[in-house]
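Peer 1: Give me a 3D structure for the following:
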Amino acid sequence: MAEAPIHATILFSAPDRPGLVARLSGFFYELGLNILSATNYTDVHGDRGARFFMRIVVDLAGLASPTAHARLGDSATRSTMATAFGERIATPLQGEWSIGYSDHVARVAVLVTKDPTCLYDLALRQKQGELPCELALVVSNHAALEPVAQAFRLPFYALPVTADSKKDQEKRVLELVRKHDVELVVLARYMQILSDEFLRDAPPVINIHHGFLPAFQGAKPYHQAHSRGVKLIGATAHYATKDLDEGPIIEQDVERIDHAMGPDELVRVGRDVERVVLARAVRAHLQRRVIVEGRRTFVL
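Peer 2: All right, here's what the predicted structure looks like:
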């Protein structure tokens, strides 16, 4: 079986001006590299004025061509291509950019408490090839979900936390994240608030919560929603920041409900929405589709 072609995905943003698509696509054309996918958008409503966003997927097979060697010198590699892109394109255009490669498999840590719904869903999707990553470990503040992790042969660590032990517990979680070379942390119904210090030192963190129930704080939000007769319930997946539940939003969805549904039925519907929204957000991040701009995201 032939090896899968290796692609590079570039995320790029810069102040908007005429000719940006031509400048970016022209760079890869001059190297003899085929662009497999390109998506761009100009936002005129941002705080920094009109701003251009682009995602480009490039086939790297062309790096072996004489054209690439002529433009990059004798060493036409990923590294020299990235350096040239920064020097010739990003810096002159005042651009912000990043690059990733399809043969790099990101390692993900999943943090959970007692609800297994999202953990089951993420593990099944990863096993079926829907999430391009490796689930490196599962961490919990309880031991309840260890059998779930064992069923998928995932390393599991139970690290109980109290008000007095929170700092030490988070330090241990960070040590595990570093030990397992984790690049993304997913809070799959992890019912703990992460400290500013943890978020500062951790890789990106994606959280899921019942974002369409903002009036119902604390315990049993679906029961509160039922008592108020709500007509929609939903979920929001976002990057975690020091401001609780106010990080840049990646994905959202809702489901309509009616008066005939009891609290338990609302919980079931809510769980369905949460796991789908979380999976979409994690997949978008892993596929390098998300550009964060201030408190907003652009999912290309």
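Peer 1: Show the subsequent helix or strand relative to the longest helix along the chain.
Peer 2: Ordering each helix of the chain by length in residues (DSSP state H) puts helix 263-286 first. Going down the chain from helix 263-286, the next helix or strand is strand 290-293, by DSSP states H and E.
Peer 1: thinking again about what came up before, buried residues in the longest helix of the chain?
Peer 2: Within helix 263-286, the residues scored as buried using 16 or more other CB atoms under 10 Å are 266-267, 269-286. Bear in mind the C-beta positions are built from the backbone N, C-alpha and C, glycine included.
Peer 1: just checking, what packs against that helix?
Peer 2: Here helix 263-286 touches strand 106-112, helix 117-127, strand 184-187, strand 205-209, helix 221-228, strand 232-239, strand 249-256, going by 3 or more CB pairs under 8 Å, 6 or more residues apart in numbering; DSSP states H and E.
Peer 1: what distance separates that helix from the middle of the whole chain?
Peer 2: Distance of helix 263-286 from the chain centroid (CA atoms, centre = their mean, to the nearest Å) equals 15 Å.
Peer 1: What of stretch 32-48?
Peer 2: Computed by CA atoms, centre = their mean, the chain-centroid distance of stretch 32-48 equals 19 Å.
Peer 1: try stretch 82-93
Peer 2: Centre-to-centre, stretch 82-93 and its host chain are 25 Å apart (CA atoms, centre = their mean).
Peer 1: One more: stretch 102-112?
Peer 2: Relative to its chain's centre, stretch 102-112 lies at 10 Å (CA atoms, centre = their mean).
Peer 1: Just the CA coordinates for that stretch, please, in PDB.
Peer 2: This file holds the C-alpha atoms of stretch 102-112, laid out as PDB (Å, rounded to 0.1, in the frame of the first residue of the first chain):
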ATOM      1  CA  SER A 102      -0.200  15.700   8.500                       C
ATOM      2  CA  ASP A 103       2.300  13.000   9.700                       C
ATOM      3  CA  HIS A 104       2.400  14.500  13.200                       C
ATOM      4  CA  VAL A 105      -0.100  12.900  15.500                       C
ATOM      5  CA  ALA A 106      -1.100  15.200  18.400                       C
ATOM      6  CA  ARG A 107      -1.200  13.700  21.900                       C
ATOM      7  CA  VAL A 108      -4.300  14.600  23.900                       C
ATOM      8  CA  ALA A 109      -5.000  14.400  27.600                       C
ATOM      9  CA  VAL A 110      -8.600  14.000  28.700                       C
ATOM     10  CA  LEU A 111      -9.700  15.300  32.100                       C
ATOM     11  CA  VAL A 112     -12.900  13.900  33.600                       C
END
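Peer 1: and it, average pLDDT?
Peer 2: Stretch 102-112 carries an average pLDDT of 97.
Peer 1: ok, now which ones touch the residue nearest to Glu183 when sequence neighbours are not counted?
Peer 2: By the measure of CB to CB, 6 or more residues apart in numbering, the closest residue to Glu183 outside its immediate chain neighbours is Ala106, 4.7 Å from it. Ala106 makes contact with 132-134, 183-184, 286, according to CB atoms under 8 Å, 6 or more residues apart in numbering.
Peer 1: All good on my end, thank you.
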